[in-house]
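Chemist: The following block contains a protein sequence and its predicted model.
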Amino acid sequence: MKRGLTITIDGPAGSGKSTIAKLVARRLNYLYIDTGAMYRAVTWKALQEKIDLKDEEVLVRLAQRTEILLKKAGDGLEVYVDGQNVTGEIRLPQVTNNVFYLARLAGVRERMVKLQREMGEEGGVVVEGRDIGTVVFPRADYKFYLDASLQERTRRRFEELRSQGHKVELNEIGEEIKARDGEDKGRRIAPLKIAEGAIVIDSTEMRIEEEVSAILKYIREN
């Protein structure tokens, strides 16, 4: 018997899906699964090992031999690669700007999707990413797609990095997110798109609590 619902939240970079997914999971006492962190984890390892990011065969083998563990830590989530805590490292711009190399590879995605389905097969999960409602859990009980203007997503990412002590330029962040959008939506394997039956929420003018409330209200009423 399933422990609860399967809820998916997809959206582009900077749309706030990670923050919202964490809060929804907390309110429902569900497990939060950050699938993007898994791709970032493999990307971080590839960069550490100085692997050619255009060498598909080597990258797929890397993904297959990499152990990724997501641990609930208080109100957050910790990410481990082969036993090493890399929660902070995987959010650095160098990882962000190169994760698309691995995300577009069928062999890497096959490995990640297998792990994600194993984590969420019994329900009681809130899963966020870019292909969760379309590929990983196409039969999810509830699907949501969060979006926001490029300007707002740039501002959010800029403030996040600045709060972490990183020296970044607003216009550079904007260009990076714009490029990431193109990669995510244009890739051949599992491109970013709105899943069939998904509820679209434009969060440009919304506060975090308003987004969480909107999602929980929809679930309660349906």
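Modeler: Looks like it arrived, so ask away. This is a predicted model, so every value here is computed, not measured.
Chemist: so after the longest helix along the chain, what's the next helix or strand?
Modeler: Identified as the longest helix of the chain according to DSSP state H is helix 170-186. Proceeding C-terminally, helix 170-186 gives way to strand 199-202 as the next helix or strand, assigned by DSSP states H and E.
Chemist: buried sites along the helix or strand following that following strand?
Modeler: Sequence order places helix 208-221 as the next helix or strand after strand 199-202, per DSSP H and E. Going by neighbour count (16 or more other C-beta atoms under 10 Å), the buried part of helix 208-221 is 211-212, 214-215, 219. C-beta coordinates here come from the backbone N, C-alpha and C atoms, glycine included.
Chemist: Can you add pLDDT and distance to Thr96 and give those residues back as CSV?
Modeler: What follows is the buried residues of helix 208-221, written out as CSV (pLDDT from 0 to 100; distance: C-beta to C-beta, whole Å):
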residue, pLDDT, distance to Thr96
Glu211, 96, 22
Val212, 97, 25
Ala214, 96, 27
Ile215, 97, 25
Ile219, 96, 31
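Chemist: Including distance to Asp10, could the residues you listed go into JSON lines?
Modeler: Formatted as JSON lines, the entries for those read as follows, by distance: C-beta to C-beta, whole Å:
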{"residue": "Glu211", "distance to Asp10": "14"}
{"residue": "Val212", "distance to Asp10": "16"}
{"residue": "Ala214", "distance to Asp10": "16"}
{"residue": "Ile215", "distance to Asp10": "13"}
{"residue": "Ile219", "distance to Asp10": "16"}
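Chemist: now the longest helix of the chain: mean pLDDT?
Modeler: Across helix 170-186, the average pLDDT comes to 92.
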